[in-house]
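In: Could you look at this predicted model? Sequence included:
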Amino acid sequence: MRHLISPLDLSVEELDELLVLANDIEKNPQKYAHACDGLKLATCFYEASTRTRLSFEAAMLNLGGSVLGFSDAKSSSAAKGESVSDTIRVISCYADICAIRHPKEGAALVASSKSGIPVINAGDGGHQHPTQTLTDLLTIYSLKNRLGNMTIGLCGDLKFGRTVHSLIHALIRYPGIKFVLISPEELRIPDYIREDVLKKNNVPFMELERLEDALPDLDILYMTRVQEERFFNEEDYVRMKDFYILTKEKLKLAREDMLILHPLPRVNEISVEVDDDPRAVYFKQAQYGVYVRMALILTLLKWR
Ligand code: CP
């Protein structure tokens, strides 16, 4: 049995196979419509979500399976003090596979150590969000026909943005990747990623504060929201929240073939006027999230 706790739990070859499967699912959905007949997915969400939870549920329903779960810790027995370890042991009696989101870093890993079914990390605090990474990789792979030889700008809250941390881990395994890390001083990438992931693996990167300085060189611009829920005080969040706003005017500096991704939800960091630009693919990206989660559910169930 395998779990998905970090993007590195899949080898590059396994990841490539998953993306090919997701592309096939997109083209031939009927072929997979009964692939999970009689099987159940549990979604255990201790933290708010729209895309991740609902795309997991849509994925399992598209595969012919069923879903059960909770979308709020307060409506589960966590409110009575039950541990994640005990909860997953019980869920293992009710479902065949589980997606879990929790505000504490490492919660999905703890769950996987006690689980009788495959566990998928659907986001653990400010740490990792591997299925968003699969979504991001499928979006880039499908629209650019490659995952290597690219300059990727990551912009916004690089300190708390778990999608950025997971994406960096995954992309450094491809050749010719360069990162431009665009953030205010207070929201720079954590030291462990700069030192242990980027420098240790000799991955070229630069850190900038001005988005305008980075835009002309980028193949991909990955915008992120400032993560209000991870700030210790409201004052700091208010000061940071509108630091970056991507507008049509700023986009004039970018290449015609640059793609704009965003894991969503968006707050103010991309002006709605940008949505009509052909380079804005963040809603398409949310759709890719369903295909890749279908591929992931199928793959983890096959490996049981
Ligand atoms: N991208 C993402 O994780 O969105 P949700 O928080 O809505 O699941």
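Out: Received, thanks.

In: What parts of the stretch 1-150 of the chain come near the ligand?
Out: S49, T50, R51, T52, G123, Q132 (Cβ under 6 Å from any ligand atom). C-beta: built from backbone N, CA, C; applies to glycine.

In: you'd agree the fourth one is up against I120?
Out: In this case it means T52. No. Using Cβ atoms under 8 Å, T52 is not in contact with I120, being 9.7 Å away.

In: overlap in contacts of these two?
Out: A99, T131 (Cβ atoms under 8 Å, 6 or more residues apart in numbering).

In: Pick out whichever of those two has more residues nearby.
Out: Per other Cβ atoms under 10 Å, whichever of T52 and I120 has more neighbours is I120, with 27 against 24.

In: quick one, what contacts K114?
Out: So K114 contacts S85, D86, I88, R89 (Cβ under 8 Å, 6+ apart).

In: Buried members of these into ChimeraX, please.
Out: Of the contacts of K114, the buried ones can be selected in ChimeraX as follows, counting by 16 or more other Cβ atoms under 10 Å:
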select :88
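
In: I'd like the contacts of K114 written out as JSON lines, with distance to D191 and secondary structure added.
Out: JSON lines is the format used below for those (distance: Cβ to Cβ, whole Å; DSSP: H, G, I helix; E, B strand; the rest coil):
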{"residue": "S85", "distance to D191": "30", "secondary structure": "helix"}
{"residue": "D86", "distance to D191": "34", "secondary structure": "helix"}
{"residue": "I88", "distance to D191": "31", "secondary structure": "helix"}
{"residue": "R89", "distance to D191": "36", "secondary structure": "helix"}
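
In: Closest to K31 out of the contacts of K114?
Out: Lowest distance from K31 to the contacts of K114 (Cβ to Cβ) belongs to I88, with 31.7 Å.

In: hang on, that closest one packs against C98?
Out: Yes. If you go by Cβ under 8 Å, I88 and C98 touch, sitting 6.7 Å apart.

In: between those two, what contacts are shared?
Out: Contacts common to I88 and C98, judged by Cβ under 8 Å, 6+ apart, are C44, A111, S115, V119.

In: Can you turn the buried subset of those residues into a selection I can paste into PyMOL?
Out: Buried residues among these (16+ other Cβ under 10 Å), as a PyMOL selection:
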select buried, resi 44+111+115+119
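
In: Adding secondary structure, pLDDT and distance to V267 as columns, could you present the shared contacts of I88 and C98 in a markdown table?
Out: Putting these into a markdown table (DSSP: H, G, I helix; E, B strand; the rest coil; pLDDT from 0 to 100; distance: Cβ to Cβ, whole Å) gives the following:
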| residue | secondary structure | pLDDT | distance to V267 |
| --- | --- | --- | --- |
| C44 | strand | 98 | 26 |
| A111 | helix | 98 | 30 |
| S115 | coil | 98 | 34 |
| V119 | strand | 98 | 30 |
